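1. return a 3D structure for these sequence lines:
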Amino acid sequence: MKQQSLDASGFEKYRKKTRKELFLEQMNEILPWVELCKAIEPFYPKASALGGRPAIGLERMLRIHFLQHWFELSDPGAEEALYDSRAMRQFVGIDLGKEPVPDETTICKFRHLMERHNLGGELFQLVNVYLEENGLKLNRGTIVDATIIDAPRSTKNKERHRDPDMESTQKGNQWYFGMKTHIGVDSQTRLIHSVVVTSASVHDSQVLGDLLHGNEKRVYGDSAYIGQKAQIKANAEDAADFTHRRGRRNHPLSEKERKANRHKSKIRPRVEHLFGVIKNQFGYRKVRYKGLEKNAQAVFTKCALANLVIAKRHLLAI
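-> Okay, the predicted model is just below:
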């Protein structure tokens, strides 16, 4: 640890740690920094033998990248937040008495590096391996679900049209424009093990097979996944279909089917805990970038960080 200057330590006699500061301390403790940095290191620029400005440390840039996902910050927003928040500077390891905050261009270049080499998905896999090594192994049940992430509808831009990778879909009587995040969640640990990102027009059931790991005994889902027994069997041979039943006109559900739905409802809502972390705690309700590929990399990283939030109590106890 570097010795902090007077500017960083201050003389606040009655200072109290904020929830943000406590959250960042916990994340710093449970994140597998060494393994994550090793995955990025082959793609990270090395210091030039010809001199010039030295490269900023890889772990420092990764910490800033995670701050962007936790607090939904743009590249210039991340730079400004670091100047404004001592808790964030402490998490990154920046002492304004000795050095400035990396500028928005440097932050942007690191994000582009992550996107260019598909490192969001790599981090998601590494975090899941780390969680499994710490006792959070996959169970025999998977809950599948999807959520819509809105995209700008306006055509008041340089190209005069909407993002071609985003599409419209109807949910109830409401129309939405954007993309969908489909996830497969372990029914016991509540951790995401599979992620698929599509445009909003893709029906939930079309990617069901990609959300199963193959060793399931039960597959839970809402009524959007009705009639997918063949797809479930093709991807998880021993899995039973525990998706919700839905009545039709002149064919209401029987009392037995309603009772079965109530039993399934004790398990299926656990998937909403993950969407709650991503959309409410992280604030990810609208896409930030143009194109499905860039936003997919952001989703993979957010899912990895959401898994760590869900597993936080278990990891801290270890």
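
2. show me where the stretch 101-250 of the chain has its strands.
-> Remark: strands assigned in the stretch 101-250 of the chain by DSSP state E, counting those that start in this stretch are 141-150, 167-171, 174-186, 192-199, 218-221, 240-243.

3. what sits against the nearest residue to residue 165 once chain neighbours are set aside?
-> Spatial nearest neighbour of residue 165, chain neighbours left out: residue 292 (3.9 Å); criterion: Cβ to Cβ, 6 or more residues apart in numbering. Heads up, the C-betas are built off the backbone N, CA and C, glycines and all. Contacts here follow Cβ atoms under 8 Å, 6 or more residues apart in numbering; on that basis residue 292 touches 165, 166, 179, 197, 198, 199.

4. does the last one touch residue 165 like I think?
-> Yes: Residue 199 sits in contact with residue 165 when judged by Cβ atoms under 8 Å, with a separation of 6.3 Å.

5. what's stretch 132-144 in contact with?
-> For stretch 132-144, contacts defined as Cβ under 8 Å, 6+ apart pick out 182-189, 191, 193-194, 204, 208, 211-213, 215-221, 225, 236, 239, 242, 267-268, 270-271, 311, 314-315, 318.

6. ok, now stretch 302-315?
-> Contacting residues not belonging to stretch 302-315 are listed as 26-27, 29-31, 66, 69-70, 120, 123-124, 126-128, 131, 134-136, 183, 189-192, 195, 273-274, 277-278, 281-282, 284 [Cβ under 8 Å, 6+ apart].

7. on that earlier part again, state the distance from the residue nearest to residue 165 to residue 220.
-> Distance, residue 292 to residue 220, using Cβ to Cβ, to the nearest Å: 27 Å.

8. ok, then the element right after the lowest-mean-pLDDT helix or strand in the chain?
-> In the chain, no helix or strand scores lower on mean pLDDT, DSSP states H and E than helix 6-9, which sits at a mean of 51. Later in the chain than helix 6-9, the nearest helix or strand by DSSP states H and E is helix 19-30.

9. buried stuff in that next one?
-> Across helix 19-30, burial judged by 16 or more other Cβ atoms under 10 Å covers 21, 23, 24, 26, 27, 30.

10. export those residues as JSON lines, with columns for pLDDT and distance to residue 44.
-> Below are the buried residues of helix 19-30 laid out as JSON lines (pLDDT from 0 to 100; distance: Cβ to Cβ, whole Å):
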{"residue": "21", "pLDDT": "95", "distance to residue 44": "28"}
{"residue": "23", "pLDDT": "97", "distance to residue 44": "27"}
{"residue": "24", "pLDDT": "97", "distance to residue 44": "23"}
{"residue": "26", "pLDDT": "97", "distance to residue 44": "26"}
{"residue": "27", "pLDDT": "97", "distance to residue 44": "21"}
{"residue": "30", "pLDDT": "96", "distance to residue 44": "23"}
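
11. columns distance to residue 102 on top of those, output as CSV?
-> Listed next are those as CSV, based on distance: Cβ to Cβ, whole Å:
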residue, distance to residue 102
21, 21
23, 22
24, 17
26, 24
27, 19
30, 24
